[in-house]
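Visitor: Build the 3D model from these lines:
(chains A and B)
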Amino acid sequence: MTIINKRPTPDGDTGAGIDQVPVAAPATWPEPPSKGGGWKRTALIVAIAATYLWSFWGTEFSLVKLVKGVPEVFSFLFIRMQPPSLNIIPLALRYTLQTLQIAIVGTTLAAILSLPIGFLAAKNTTPNATAYQVTRGILNIIRTIPDLVMALIFAGAVGLGPFAGTLAVGVHSVGMLGKLYSESVEGIDPGPVEAATACGLNKTQTLFFAVLPQVIPNFIGFTLYRWEINVRAATVVGMVGGGGIGFILMENLRLFNLHDSSMILIMIYIMVQLIDFISARVRLRII
Amino acid sequence: MIEVRHLRKVYTRGAEVVALKDVNVTISDGEFVAIIGLSGAGKSTFMRCLNRLVDPTSGEIVIDGQDITKLDAEGMRQVRLKIGMIFQEFNLVDRATVLDNVLMARAGYLPTGRSVRRAFSKADRDLAFHCLERVGIVDKAYQRADALSGGQRQRVGIARALAQEPRVILADEPVASLDPRTAHVVMEDLRRINDEDGITTIVNIHFLELAKAYADRIIGLAGGVVVFDGPSAEMDEPTFVKVYGTRPQRMGVAQ
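Guide: Reported below is the predicted structural model:
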């Protein structure tokens, strides 16, 4: 049967073939589902307001101090730190590149560690409940330890310097990468997995033929994104003894070498912008 | 030969749902059987019990003298190698090439290590191309699966099933996502493969007309039991009412 959706026309065609429902007037249309009484909304607003007041109080927030302090920030950044010193450039460049190296090796380390964790911590690929719980637990513990603390721990273990910074950046990143990997695995289309199982593929083969092709581009995207973050993290970690440009920046700030410090900040800025640009371009290509 | 005896499946996740009450069916080698019924009649569950993508609650499924409900994972994997399956939503790996999707069917025949390195033999690759040729899309071999139209994608699905060199093909609503014209092309492919290779073919299908046009035999499921089982020609209006609970309405299918 071909259904032609005809409407009644003025020349008498009643649009026969479709059901004509006489419209009763005046119609009472369904009300939107009630979201609870007005008191709920009031309570919510009060709760939000209270949370804000409490937080501002806790941070000793002061508009007076802010207004007084802003000129100080400007004078520090744009007068006392100026002009940036040029003779720090060779040294700063060397350590900026070291920070980049820390970020590259650290991120790669994180990706390698996160790969098995991603599958073990995903409901649809984990071999058993124990593996799932254990890997989820590890991810939660890692996320609880700030990267600065991690840098101090590794500096204690392998000595101050870029290697400690690399380990700190690498292990800390597993907390986020492992979680993103596992969520990506949980979000795959289950269809190809069903097809692979029906084809007689075992678990490992199914992983390689039906799961990996779906998640690899996401994994690469997340890893590049984490690399961007790690360039900044490696700088900060350097300030507590993790090597790289952060270490040099800290030293110069401590000695009030403000002209050197401003040049170092400029170089960090250039590096971060460059890495963000490269990473964004590559990610756009992949996904 | 496939003998299904007292097959019962109760889903227990959340509310208890009896999908199959007591299904008894015998399907001979080389038959082309259409399984019809409303959504929720148990067609999909029945089909997935045959290759145990769904584990039956009770009953026997005897394929070539072997009760597959008793097999362990590795035994079942061996049986699945010889059962091709085609899906309503095609279930292709979108980002992979058409050829890689078809080669998936050969992976199960290789040791795990070799398969994950994609070390397919020349014979496997030849077979994959041959299967693509049989469904008329060999020229798409190196395209990504998601670059194809619905009909072409389903033909990749058929080629993948064929590349398993199966003895049985299970097709779960293979044309429900396709337009009527493409639906006929896909059904013709399935019929031709059944005629030429003698592969037992079981098709879940919504449209009675397609079932009558292409299948030798129709099994009607309703409420988890078989309410009709006979040659396609015997499917008449009273039987239709038994399966669908309503009188037939014609569905426009352009030839």
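
Visitor: Helices along chain B, start to end?
Guide: Ranges of helices in chain B, per DSSP state H, are B:43-50, B:73-81, B:98-107, B:112-116, B:122-134, B:150-163, B:180-197, B:208-214, B:237-244.

Visitor: residue contacts, residue 199?
Guide: Because you didn't say which chain, this covers chain A. A:Cys199 makes contacts with B:Arg80, B:Leu81, B:Gly84, B:Met85, B:Met104, B:Ala105, B:Ala107, B:Gly108, B:Arg160, B:Gln164, as judged by CB atoms under 8 Å, 6 or more residues apart in numbering or on different chains. For glycine as for every other residue, the C-beta is placed from the backbone atoms N, C-alpha and C.

Visitor: Actually, chain B is the one I wanted.
Guide: By CB under 8 Å, 6+ apart, B:Ile199 lies in contact with B:Gly30, B:Gly84, B:Pro166, B:Arg167, B:Val168, B:Ile169, B:Ile193.

Visitor: pretty sure B:Asp146 contacts B:Asp94?
Guide: Yes. With contact defined as CB atoms under 8 Å, B:Asp146 counts as touching B:Asp94 (3.8 Å).

Visitor: Have a look at those two and say which one is more surrounded.
Guide: B:Asp94 (17 against 11; other CB atoms under 10 Å in any protein chain shown).

Visitor: Tell me the spacing between the more buried one and A:Arg136.
Guide: Per CB to CB, to the nearest Å, B:Asp94 is found 29 Å from A:Arg136.

Visitor: Looking at the contacts of A:Cys199, which is nearest A:Val215?
Guide: For those, the closest approach to A:Val215 (CB to CB) belongs to B:Met104, at 16.4 Å.

Visitor: Tell me how many other residues crowd that closest one.
Guide: Neighbour number of B:Met104 under other CB under 10 Å is 28.

Visitor: quick one, what contacts it?
Guide: A:Ala195, A:Ala196, A:Cys199, A:Leu201, A:Phe209, A:Ala210, B:Val93, B:Arg160 are the contacts of B:Met104 under CB under 8 Å, 6+ apart.

Visitor: Turn those into TSV, columns for pLDDT and distance to B:Arg153.
Guide: Shown next, in TSV, are the contacts of B:Met104 (pLDDT from 0 to 100; distance: CB to CB, whole Å):
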residue	pLDDT	distance to B:Arg153
A:Ala195	96	12
A:Ala196	96	16
A:Cys199	95	17
A:Leu201	95	20
A:Phe209	95	17
A:Ala210	95	16
B:Val93	95	11
B:Arg160	97	11
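
Visitor: And these, which of them are buried?
Guide: Neighbour counting by 16 or more other CB atoms under 10 Å in any protein chain shown classes A:Ala195, A:Ala196, A:Cys199, A:Leu201, A:Phe209, A:Ala210, B:Val93, B:Arg160 among the contacts of B:Met104 as buried.

Visitor: Can you flag which of those residues belong to helices?
Guide: A:Ala195, A:Ala196, B:Arg160.

Visitor: In a markdown table, list these along with distance to B:Thr112.
Guide: Shown next, in a markdown table, are these (distance: CB to CB, whole Å):
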| residue | distance to B:Thr112 |
| --- | --- |
| A:Ala195 | 18 |
| A:Ala196 | 13 |
| B:Arg160 | 19 |
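
Visitor: what's the closest of those to A:Ala131?
Guide: Sorting these by how near they are to A:Ala131, with CB to CB, puts A:Ala196 at the top with 21.0 Å.

Visitor: OK, contacts around that closest one?
Guide: A:Gln205, A:Thr206, A:Phe209, A:Ala210, B:Met104, B:Ala107.

Visitor: The fourth one contacts A:Ala195, correct?
Guide: Translated: A:Ala210. Yes. Contact criterion CB under 8 Å: A:Ala210 and A:Ala195 qualify, at 6.9 Å.

Visitor: If you count neighbours, what's buried in stretch A:88-99?
Guide: Neighbour-count burial for stretch A:88-99 [16+ other CB under 10 Å]: A:Ile88, A:Ile89, A:Ala92, A:Tyr95, A:Thr96, A:Gln98, A:Thr99.

Visitor: Tell me which other helices or strands the host helix or strand of A:Met150 touches.
Guide: Assigned by DSSP states H and E, A:Met150 belongs to helix A:147-158. Where contact means 3 or more CB pairs under 8 Å, 6 or more residues apart in numbering or on different chains; DSSP states H and E, helix A:147-158 is packed against helix A:162-186, helix A:212-237.
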